[in-house]
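A.B. asks: Any chance you could fold what I've pasted below:
(one chain, ligands or ions: 1)
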Amino acid sequence: MASHTEDDRLAAWGAFPDYLFSVDNPSSDELQNIRMVGAGGPYAIAIRHDGTWVGIGSHQRGTLLPPDDIDLSRVSALDIDLWHAVALMDDGTVKAWGRPELTRVPEDLSGVTAIACGSSHTLALKQDGTVVSWSEDGLMAIPENVQDIIAVAAGHHGISAVLDRTGSVYVWTNDGYCCSSGAPDVPLDLGRARSIDATSSGIVALVPLRRSGEAAFEQWRKSHFGTFDPVGHAADGEDLDLDGLNNAMEFATGGDPRRFGSPPLSVAVRSGVAQVTYRRNPLASGLFEFILETIDSLDAETWTPLPASSADWVTARDNFDEIAVDLPVDAKSPRFVRLRTIQR
Ligand SMILES: [Ca+2]
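C.D. replies: Residues are numbered from 1 along each chain as shown. As a prediction, this is how the structure comes out:
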């Protein structure tokens with residue numbers, strides 16, 4: 001770890017394993033007047049205001065030492081991994097050094113605003129929100145749907161992660177296999193993320209702390225309406241398919257807000273007992289309270305909540321749980337039942 005402090009000194013901490021070779025261990029005097037720092041893998045490079053530099057950690061027998069022909073005073077971002085380093089220059093071009101097979105920056109690459117260096121590949125983010133990626137095998141494919149990108153991260157084993165303008169995070173690996181979501185062009189099920197970074201063993205995403213179920217509700221809006229925010233057709237009170245269930249109720253009961261489907265509550269009467277069945281989205285149960293209420297006449301004003309019972313039958317279906325509750329009924333007098341969902 002290395003950190004650039006407010007008064008331009010460098011703080012570095014961590015441990016270097018014994019198997020690393022050629023370790024730089026500068027004195028604190030050398031770590032003054034630092035303009036920026038790039039770190040990752042076994043090495044950190046601190047660039048001073050005068051364009052000189054100092055390194056900390058293992059430079060891999062010289063592999064990670066900056067070559068003389070790069071003007072470090074013009075570096076605006078720097079990332080390092082096990083065997084190569086990548087610098088974003090102030091004119092939007094990219095320089096790389098380290099193992100030769102990893103440092104073949106694509107010709108004519110320009111307009112770059114951010115870079116990320118993995119152990120075996122590199123990512124560059126361009127001004128237009130597109131991403132360029134390369135490894136020792138040349139240019140790497142970028143998944144479809146990955147556009148309007150604002151941040152990139154690269155890990156080991158060819159893992160790439162990007163954050164788009166809406167807050168969706170996409171992750172993929174060299175061979176197109178994705179470890180978490182199953183498909184590289186499907187965003188991770190995180191809700192809205194603020195930033196991403198990579199470690200040697202995976203990807204880290206910073207997501208706002210929310211109540212249980214809120215991230216799932218955001219993701220639900222995104223998959224049905226293309227936005228994380230409760231606006232327009234995605235607002236909680238909207239009912240696009242005109243089935244009488246607003247979006248909050250559709251999410252809570254595992255419904256499809258764009259398709260008129262079966263109601264979330266049904267009743268079957270058998271020999272003096274009404275079995276009341278309703279759908280509950282397991283992802284929503286932390287955010288919504290589900291209350292069954294009964295009333296004897298629709299002219300009456302007060303609905304009576306049914307006590308939650310441990311004897312309720314719960315059956316897990318694909319997208320929801322089905323809750324069945326037995327309700328005694330008298331054949332001679334009507335009884336009505338309704339389901340309320342209250343956002344906590
Ligand atoms: Ca609806």
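
A.B. asks: Contact residues of the chain facing the ion?
C.D. replies: Residues of the chain lying close to the ion (Cβ under 5 Å from the ion) are Asp239, Asp241, Asp243, Leu245, Pro257. The C-beta positions use only the backbone N, C-alpha and C, and glycine is treated the same way.

A.B. asks: Recalculate using a threshold of 6 Å.
C.D. replies: Contacts of the chain with the ion, taken as Cβ under 6 Å from the ion, map to Asp239, Asp241, Asp243, Leu245, Glu250, Pro257.

A.B. asks: which of these are buried?
C.D. replies: Asp243, Leu245, Glu250, Pro257 (16 or more other Cβ atoms under 10 Å).

A.B. asks: which residues in the stretch 51-200 of the chain form strands?
C.D. replies: Using DSSP state E, counting those that start in this stretch, the strands of the stretch 51-200 of the chain run over residues 53-58, 75-80, 84-89, 94-98, 112-117, 121-126, 131-135, 138-140, 149-154, 160-164, 169-172, 195-199.

A.B. asks: Looking at the buried ones among the residues of the chain next to the ion, spot the one nearest Thr304.
C.D. replies: Leu245 (22.7 Å; Cβ to Cβ).

A.B. asks: doesn't Pro264 make contact with that closest one?
C.D. replies: Yes: between Leu245 and Pro264 there is a contact at 7.1 Å, judged by Cβ atoms under 8 Å.

A.B. asks: what's the overlap in contacts for these two?
C.D. replies: Thr253, Gly255 (Cβ atoms under 8 Å, 6 or more residues apart in numbering).

A.B. asks: now for the longest helix seen in the chain, which elements pack on it?
C.D. replies: When the chain is parsed with DSSP state H, its longest helix is helix 214-225. Counting contacts by 3 or more Cβ pairs under 8 Å, 6 or more residues apart in numbering; DSSP states H and E, helix 214-225 packs against helix 247-252.

A.B. asks: Find the nearest non-adjacent residue to the residue in the stretch 51-200 of the chain positioned nearest to the ion, please.
C.D. replies: Using Cβ to the ion, the single residue of the stretch 51-200 of the chain nearest to the ion is Gly191, 21.5 Å away. Spatially, and ignoring its direct neighbours in sequence, Gly191 is nearest to Ala215 (3.3 Å; Cβ to Cβ, 6 or more residues apart in numbering).

A.B. asks: check contacts around Thr302.
C.D. replies: Contacts of Thr302 were listed using Cβ under 8 Å, 6+ apart, and they are Ile295.

A.B. asks: what do you get for the one 5 residues further on?
C.D. replies: Counting by Cβ under 8 Å, 6+ apart, Pro307 makes contact with nothing.

A.B. asks: does it sit in a helix, a strand or a coil?
C.D. replies: coil (DSSP: H, G, I helix; E, B strand; the rest coil).

A.B. asks: Need the pLDDT of it.
C.D. replies: Note for Pro307: predicted pLDDT of 77.

A.B. asks: Now do it against Leu292, distance only.
C.D. replies: 9 Å (Cβ to Cβ, to the nearest Å).

A.B. asks: cool, Arg317 as well?
C.D. replies: 19 Å.

A.B. asks: cool, Pro67 as well?
C.D. replies: Using Cβ to Cβ, Pro67 is found at 72 Å from Leu292.

A.B. asks: Tyr278 too?
C.D. replies: 7 Å.

A.B. asks: and for the two, which residues touch both?
C.D. replies: Common contacts of Tyr278 and Leu292 (Cβ under 8 Å, 6+ apart): Leu339.

A.B. asks: I appreciate the help and will end here.
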